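1. Take a look and give me a structure for this.
(chains A, B and C, ligands or ions: 2)
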Amino acid sequence: MSNQNNPLELLETTDDVEPTTRSERWRVWIDLWILTPLQIMWKDRRTRYGSLIILLYFMVGTVGVRLVSPATQNEGPAYVQPFDFEYTHMVYGYEVWQFPLGTNGFGEDIFAQTIHATPAMLQMMLAGGVFTAFVGAVVGIVAGYKRGTTERILMTAADIQIAIPGLPLLIVLAMALQPRSPIVVGLILGITSWAGLARALHSQVLALRSESYVEASRLMGFGSFPIMRDDLIPNIMPFIMINFMNAAIGIIHLSVGLYFLGVLPFTTDNWGVMINFAYNHGALLSWAGLPWLLAPIFAISLLGYGITIFSQGMDRLFNPRVRARHATTMDDSDEPDPMQ
Amino acid sequence: MSGTTEENVDSESPRSVRSEGNTILEVRDATVSFEMERGESRVLNGVDLSVERDEVLGIVGESGSGKSMLANALLDAVVDPGKTSGSVRYFPPDGRDPIDVLELNDDELRTFRWEEISIVFQGAMSSFNPTMKIRDHFAETIDAHDADPEECIERAYDLLSELYLDADRVLDSYPHELSGGMQQRTLIALSLILEPDVLVMDEPTAALDLLMQRSIISLLDRLQREYDLTLVFITHDLPLVAHLADRIAVMYAFELAEIGPAEEIITNAAHPYTRMLLGSTPNLDAPVDEMRVIEGSSPDPVAPPTGCRYHPRCPISRDICAESSPEFEDVSAEHQAACFFHEEASDAVTYPIGEDNDAIETEGSSTSSRDYGEPILSLDDVTVEFEGDQSILDLFDEPEYVRAVDDVSLDVHEDDVVALVGESGCGKTTLGKTIIGVHRPESGNVTYRGQDIWEARDSHREAEISFSEIRGALQMIHQDPGSSLNPNKRVIHSLRKPLKKSQPDLERVEQERRIMAMLEYVGMSPPEDYANRYPHQLSGGEKQRVALIRALLMNPDVILADEAISALDVSLRVEMMELLLDLQGRFNTSFVFISHDLSNARYLAEKADGRIAVMYLGEIVEIGTVEQIIHDPQHPYTQALRWATPDLNPRNESEESPIRAIDIPDPKDPPSGCRFHTRCPEAREICRQVHPTNISTNGSEVACFRADPDHDYWDSPSIVNEESDDDETSMSTLD
Amino acid sequence: MNYYVKRVLQSLFTIWAVLTITFVLIRWMPGGPLDYLMAQFVQGNLGPSGTGVDTQERIAAFERMAEVYINFDPTAPLYVQYFEYVGDVLTGNLGRSIWYQQPVEEVLFPAIPWTVFIGAVAIFISFISRVIVGAALAYKEGSKLDIGGTTLLIWGHSIPFYVVAILLLYTFGYQFGWFPVSGRYNPDPPAGLNWPFIAGILHHAALPMVALAWASFGAGAIAMRANAIQILGEDYLRAAKLRGITSKRITLLYVARNAILPMYTQMLIQVGFIFSGSIILEMVFEYRGVGWYMFQAIQNNDYPLMMGCFLLITVTIAIAMLVADLTYGLVDPRVRRGESSESF
Ligand code: SF4
Ligand code: SF4
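-> Numbering: from 1, shown residues only, chains lettered A, B, ... in the order given. Ligands and ions are numbered 1, 2, ... in the order given. Sure, this is the predicted structure:
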């Protein structure tokens, strides 16, 4: 290079900068990535309640199943109504309801059934959500950034997947594969939802890649991978996360639907299976069947609600403006006034 | 300011009426405040102002000075939850009782606005309903005011054609089908449809090219006289209104700082702020050495400085300035300034216009004799094309191609500055990006130190200079500070990236040290603080500086600065350009500087001893030294740009527009022959048929027949007057 | 290539891909149509019975049978099978239903109007109500009504529509007895254009329609609210107010229209998804539409019928998407061609 006046050497006369120590960096990192997000989450009503609800399901799925024994047929009379003090038992020395939510037509404890359906549902949800978010993100980002033939092939695949209606395809697949493990069920259900995310991300990435700072990175000679990692993904992460959550809700709804239809093998307790039994075995015929029907429905919708409000408040978690305002390791006194 | 209820005086000589003190709007103690978490934000503070009938009042201030609030307060149109207090009285010209605008109820306001006073906002695009045709906008307005539809539509046609628009086509278009300049003119017509007496314009031209701005200003001048309008013109750009306005009011920190006749304000400003503003504005006439930078930034509306609000930045402030706020003092009969020491200001703060007018002489510099060595970059007959838009009608046609750059050759030398100037859509950004190897040309070569860039790219290792080396040597600063930095990464992270590329084995501590040094150097101190900020915590100017550092840390040979300063406030531009120049001199970096503003281009090119290239529809029509382009432009288009560039010298009385059509022709289908012939004031028959090639005249190159005294052009008949019924020319960007 | 041509070709490609996928599923799915047919044949449930027939003849009989039920002969070369299948489907021959012993199209086509009827009305109800609710919440943004309403909408959105269907059936069908719990029309009045018969149809369709409308209501109303809020903050709204335009006109021509237009494609795509959602819905209400037949086919392992439903639904959706894409530019003047496909 003919350029002798290297700017870096020219300016070396200024005072030395204190090198940041390792522990200092750790402190900043923890503050930025753990404490601050928690704080932001707690500040916003939506993320606070949303995360509490999600935490509740998580606790039920891990601890709850150990505390409540699984339901068995004829453990009580059929159609015991909720909170009936006729039926109590002792738990750690306290007298509590034996059937807090009553029993179904087979004399099974509805509460226990609802609880024991949770782990499988959560597994399904996670597997399906992660699958959707991962495949959708990879396809969308690569297609958006790479352009050309790669883009055309990936987007055509996504378009075809979108045009194939989800439920019928899943029915056909479920009939063929008869998956038994909740994780496999989740993965299969994820097949129908990645394409929508891929498409939406594709157009977001297209917009992002023409941002000046992405072009600047390209001009510096950075390749596709570092650009995607540093410049694209952090900016679409909130979107991916929101879609991950929506996909998770979608997976619950789909799986409940498929179990209700009876096309998936009944392996474990499941809210869909509960509805199926209630529908097919006479719960509809009298008011006494209401708890049988409502318990799984409530379980589904509360989880859906929690995830939805959490995801609505979530973009704040990723917003550098909000993060900077909460971080303690950062001086934020002179943020430009919005009025200017 | 009493005698208000007189009948409107004859419209023959409106300018003479003004001196009679014929007030149409009287503003007393107007205050606008917003409740904010931090406290009350007063974005307009106790402004007193009278607007005379049939005058043009320019209100000038930087962004965040409260000038828009003043505009809105005149119509009681401040957005919720802002509160307007004080009084605004309107004196109808037909002798009706004065109207207290702030006391009107909603219904009265509805009729008052648009029939008596109307307003034009800055963003024309966002002032139209995107799903409604222009015609419906006119129709609904007429309808809402129960005006006579036929008469009004007729007026709409008159207004539109007066504004050089094809009324039928404009009315039948959707807003997005019109170019920015067309939309803005349409909006002006829409605001005049009900014959208001006062038209308030809030930065009506800020988003437009200079040539369009200037054309609109001269149209406004005409409309104002023809329709007996009182114009209140709000802008951040003092030179722009200098010739249009009769009086100018300068705002600083939500208050009026100075008001007076335009000429007096320009030549003999009394308030130190006005004088600083005038001195910091790049313009074509003033010697570049006399322009200077305004220190500090404008104050916060919640906690403004005590006393005179300008005192923290004022070079002549004394103790009293911080203690009590100055009242308006008469400088002359019609000229007031809010400054205790305005008599001293003229000596303390000088600016190159006015009293020392004679100092402005074209310096016969030695610029043209500069000896260029081997070019770093050279473009050889480069052409760049883009696929154009299609509509549903051309279902089976091949897509059209737009030649964004057509057959351009250009050399960039070591330590050089090349300023590319032209209207938007002329291809200057595309050319710039082709120069630094972002766009691949369809034909022609771009060579870096003798190595063809795209060959190097295709052949990977075999090239003499590898592509990655070339890539690193050609950097860019983008136009929009808002998107130039990754919003999710701190400054330090953004700046570490180029170092990782250019000096991969540098230790982390050493990296940081250099980054801090650079931050400090560009005036961002303390650097540790700035390094840890996110982009949203920086101002626009600071972001651009970080972008500049980022480019410099690559140790490049050439930096493309794409309108890098036009998004900044006027007073910051000179500062940024100074920084560019300083770094250029220090690091031997060449700059390709893109701007639509001739005066910025001139500032940079003159100081760096560089060249200016004028582009029109994908071609370079004239290139030469500053001396040649600014003081002796050969090409009629350069002359037009020269005309459009605001200058402060009141002796340069504004002439009529030198171009025949305001709008640029459709770049998809450029005119035959000389592309400028549809707008050129000197066009002759031959220009329509023959494409002029570059002609060298003492150092500069001009693509116009007029540069060659022996050309056939001189025998060809003129076509200037034949096109009056040829609407195509002015409407051709409408598609 | 031109955008429109490209888009049409893409839809054709999609339909072809779906045909190929169904072919693969039929041909190779373990326990799928071919296997099932074979099993049925071996057990003698289908085809010529009697053990006295010799093997040659039995194989020939099976080939003929396969041709009838699943449109290709599994013993022919693969490409012949493929072309036979695609050719048959494209000419409207969807095979033969095992359960009903009728050509699939004869079973299915009469069911289409019932499903379309329910779906169209449901979309209409859902569209009107979400526009009104969304706009109302947007105008009251930040108020108690808005917060409460949004919460309810999110709740509603978290309940799958078929669950709503069950609850409606339970409450208004079984418990209160206000609506019939199954069927499409009353048997007593003679079919035809007479009021009692039509009233019966509406009576039967009411609950399914409400349940289906629910499917898109919550999310749609939230989207409408967001659109409207954005438009309420636009400069052109303020400009219009300053020009003196009446608030009625602003509400209709500015807020409502501009907020609704982006929902256009979404709505057309829902038209396509009617069939998809109808499977569970019609099962719950035992409403004999396309979805009910698909459910029946699943239950009875009637693969030809199932594949027929699958194809029908897929093609409908592909066409709905195509129409949405091609016409959006005409509906919303803001969109230049080619930029509209943000729809799915
Ligand atoms: S009053 Fe004082 S501080 Fe204010 S402008 Fe005049 S001299 Fe400067
Ligand atoms: S060649 Fe003719 S039309 Fe072109 S600029 Fe010169 S005089 Fe004007």
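
2. And the helices in the stretch 151-300 of chain A, which stretches?
-> A:166-177, A:182-190, A:194-209, A:212-219, A:224-226, A:233-261, A:271-280, A:290-318 (DSSP state H, counting those that start in this stretch).

3. Any idea how far the shortest one is from the middle of the chain?
-> Read that as helix A:224-226. 26 Å (CA atoms, centre = their mean, to the nearest Å).

4. contact partners of that helix?
-> By CB atoms under 8 Å, 6 or more residues apart in numbering or on different chains, the residues outside helix A:224-226 that reach it are A:Tyr145, A:Lys146, A:Ser217. In this view, the C-beta of every residue, glycine as well, is placed from N, C-alpha and C.

5. who wins for most neighbours among those?
-> A:Ser217 (23 neighbours; other CB atoms under 10 Å in any protein chain shown).

6. Settle this for me: it is touching A:Asp231, isn't it.
-> Yes: A:Ser217 sits in contact with A:Asp231 when judged by CB atoms under 8 Å, with a separation of 5.5 Å.

7. how about B:Leu211, what does it touch?
-> Counting by CB under 8 Å, 6+ apart, B:Leu211 has contacts B:Glu423, B:Ala640, B:Leu641, B:Ala644, B:Ile659.

8. could you redo the residues you listed as TSV and give each row pLDDT and secondary structure?
-> Converted to TSV, the contacts of B:Leu211 look like this (pLDDT from 0 to 100; DSSP: H, G, I helix; E, B strand; the rest coil):
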residue	pLDDT	secondary structure
B:Glu423	86	coil
B:Ala640	88	helix
B:Leu641	88	helix
B:Ala644	84	helix
B:Ile659	82	coil
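
9. now those in JSON lines, with neighbour count?
-> As requested, the contacts of B:Leu211 are exported to JSON lines (neighbours: other CB atoms under 10 Å in any protein chain shown):
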{"residue": "B:Glu423", "neighbour count": "22"}
{"residue": "B:Ala640", "neighbour count": "25"}
{"residue": "B:Leu641", "neighbour count": "30"}
{"residue": "B:Ala644", "neighbour count": "23"}
{"residue": "B:Ile659", "neighbour count": "22"}
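
10. okay, the contacts of helix A:224-226 in CSV with pLDDT and distance to ligand 2 next?
-> Shown next, in CSV, are the contacts of helix A:224-226 (pLDDT from 0 to 100; distance: CB to the nearest ligand atom, whole Å):
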residue, pLDDT, distance to ligand 2
A:Tyr145, 83, 44
A:Lys146, 80, 44
A:Ser217, 90, 41
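
11. Relative to chain B, which of those residues is nearest.
-> Set against chain B, the nearest of the contacts of helix A:224-226 by CB to the nearest CB is A:Ser217 (6.8 Å).

12. for that closest one, what are its contacts?
-> A:Pro226, A:Ile227, A:Asp230, A:Asp231, B:Lys497.

13. Nearest to B:Cys680, out of the helices of the stretch 151-300 of chain A?
-> B:Cys680 lies closest to helix A:212-219 among these, at 35.2 Å (CB to CB).

14. and the closest one with helix A:233-261, angle?
-> In terms of direction (axes from the mean of the first three to the mean of the last three CA atoms, to 10 degrees), helix A:212-219 departs from helix A:233-261 by 110 degrees.

15. now the angle from helix A:212-219 to helix A:194-209?
-> Using the same axes, to 10 degrees: helix A:212-219 against helix A:194-209 is 80 degrees.
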